[in-house]
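Participant: Sequence first, predicted model second:
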Amino acid sequence: MSASSHVVASPEATTGHHHHRLLVTLARHGRFAAAATLFTACCNTRALNSLLAALCSSPAFLRVAPSVLLRAAPHAAPDATTFRILTSALCRAQRPAAAVELLRCMPGLLLDPDERHCRAVLASLCRCAPARDALAFLDDMRRWGVSPSGPDHHAVVDALLREGLAAEAYGVVAKQMDADGVRPGILEFERVLRAFRENRSFDAVEEAFDEMLLRGLVPGARVYDVYVGALCDKGDLAGARRMLGCMERAGCPPGVTTFGVVVAGCVAAGDTDAAREVAREAARRGLRWDAPALVGVLRAGGHVARARPRPLLLDILRGGCAAELDAFAFDVLMGGTTPCNDDGEGQCRNARPELD
């Protein structure tokens, strides 16, 4: 007997290996009927996954997968790889809801959905399914021991805000992120504030702004502009003017955009004296309303385009700015019909040309 010995595979193992290779080859070449026939002769989990992977590579054959699973059921139990193959194919086919239903079957088979798998399905839900489905899937993930991450929450918030579900998005930011150990930041609160303001949910704006302050988050000019604009939208001009002083004391002096939003809010409410007073205060600070600044005002103040009459608003801004405003450019900006490109000197290149 030699010093070295060789392990000889049993005939059954050799046959099974050859069957599996032949099954994979048939499936890769699209000969699914022959592969299915061979599958009945070597029915095991490895062969099942190979056949499913080949079937799911083509959307046209994805519908055959359930019948393959049923045929294999008495002999080959699906494993985590089986579910990953099927759910990945369903997500590629933009059917994430079906993928979720499959994942929910795994615990009953004593299988746990893995973290990477869950995040891939959640991403597909956020892209292709109703936003509330993605929100509900966060609870599934927690039950399976997968804690939603910051990017997971952000994707769900994005989906909710796209569908105008500001209250649900705020619930994720103010409650669920904390519960999952993720600290929301200024950006999340700013987006929710904007959504509440667009919905004219002014009480919700107040609640979200207060919640942000209670968490010790320091708002910047963009967040203040949203909040001040919401105060103007609901007619609380006194509150909007008080916020100008609050910004100063908080170390975030109001800029030309914030002053412009308040001026336009006063004009829209018919309080011309208040508008002129705010414009003069901006002038005392050396602020100017050139074309780029007006674009900022328009973006920050939803009520600005409603400020009537426009000549009055232009007159007030001219009286409180450090540079002349072009009337035509101003009207274009207010109407939102033509982009205004600043030439670097506060003038609009799209202004009405001089007539000969």
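Facilitator: All right, it came through fine.

Participant: Assign S147 to helix, strand or coil.
Facilitator: Under the three-state scheme (DSSP: H, G, I helix; E, B strand; the rest coil), S147 adopts coil.

Participant: if I look at it, how far off is G181?
Facilitator: According to C-beta to C-beta, to the nearest Å, S147 and G181 sit 7 Å apart. All C-beta spots, glycine's among them, are computed from the backbone N, C-alpha and C.

Participant: which residues of the stretch 51-200 of the chain score low on pLDDT?
Facilitator: 60-61, 64, 71-74 (pLDDT under 70).

Participant: do that again at 80, thanks
Facilitator: Where the stretch 51-200 of the chain drops to pLDDT under 80, the residues are 51, 54-76.

Participant: Let me see the ranges of the helices in the stretch 51-200 of the chain.
Facilitator: Counting by DSSP state H, counting those that start in this stretch, the stretch 51-200 of the chain has helices at residues 65-72, 80-92, 96-105, 115-128, 131-143, 150-162, 166-171, 177-179, 186-198.

Participant: Y224 is nearest to which of those?
Facilitator: Ranking the helices of the stretch 51-200 of the chain by their distance to Y224 (criterion: C-beta to C-beta) puts helix 186-198 first, at 10.1 Å.

Participant: now the angle from the very next helix or strand once past the closest one to helix 186-198?
Facilitator: Proceeding N to C from helix 186-198, the next assigned helix or strand is helix 202-214, under DSSP states H and E. Angle, helix 202-214 to helix 186-198, by axes from the mean of the first three to the mean of the last three C-alpha atoms, to 10 degrees: 160 degrees.

Participant: State the mean pLDDT of the following helix or strand past helix 202-214.
Facilitator: Per DSSP H and E, helix 202-214 leads on to helix 221-233 as the next helix or strand towards the C-terminus. Confidence for helix 221-233, expressed as mean pLDDT, is 92.

Participant: what sits up against helix 221-233?
Facilitator: 186, 189-190, 193-194, 196-197, 200, 202, 205, 209, 212, 219, 237, 239-240, 243-244, 247, 252, 254-255, 257-258, 261-262, 264-266, 268-269, 300-303 (C-beta atoms under 8 Å, 6 or more residues apart in numbering).

Participant: could you point out where the stretch 201-350 of the chain is predicted with low confidence?
Facilitator: Flagging of the stretch 201-350 of the chain using pLDDT under 80 yields the residue ranges 268, 288-350.

Participant: redo that, cut-off 90
Facilitator: Residue ranges of the stretch 201-350 of the chain with pLDDT under 90: 233, 255-350.

Participant: Show me the helices in it, by range?
Facilitator: Counting by DSSP H, counting those that start in this stretch, the helices of the stretch 201-350 of the chain are 202-214, 221-233, 237-249, 256-268, 272-284, 291-300, 310-319, 327-335.

Participant: what's the angle between the fourth one and helix 272-284?
Facilitator: What it means is helix 256-268. 160 degrees.

Participant: ok so, going back, using PyMOL, define a selection of the buried residues within the contacts of helix 221-233.
Facilitator: If you want just the buried ones from those in PyMOL, going by 16 or more other C-beta atoms under 10 Å, the selection is:
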select buried, resi 189+190+193+194+196+197+202+205+209+212+219+237+239+240+243+244+247+252+254+255+257+258+261+262+264+265+266+268+269+300+301+302+303
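
Participant: Thought K175 was touching P184, still the case?
Facilitator: No: using C-beta atoms under 8 Å, P184 makes no contact with K175, being 9.8 Å away.

Participant: neighbour count winner among those two?
Facilitator: Between P184 and K175, P184 has the larger neighbour count (other C-beta atoms under 10 Å), namely 23 against 11.

Participant: list the contacts for that one?
Facilitator: Residues in contact with P184, defined by C-beta under 8 Å, 6+ apart, are V173, A174, M177, D178, R215.

Participant: Quick check: it vs A279, distance?
Facilitator: From P184 to A279 the distance is 36 Å (C-beta to C-beta).

Participant: what do you get for G245?
Facilitator: Relative to A279, G245 is positioned 16 Å away (C-beta to C-beta).

Participant: Right, I'll leave it there.
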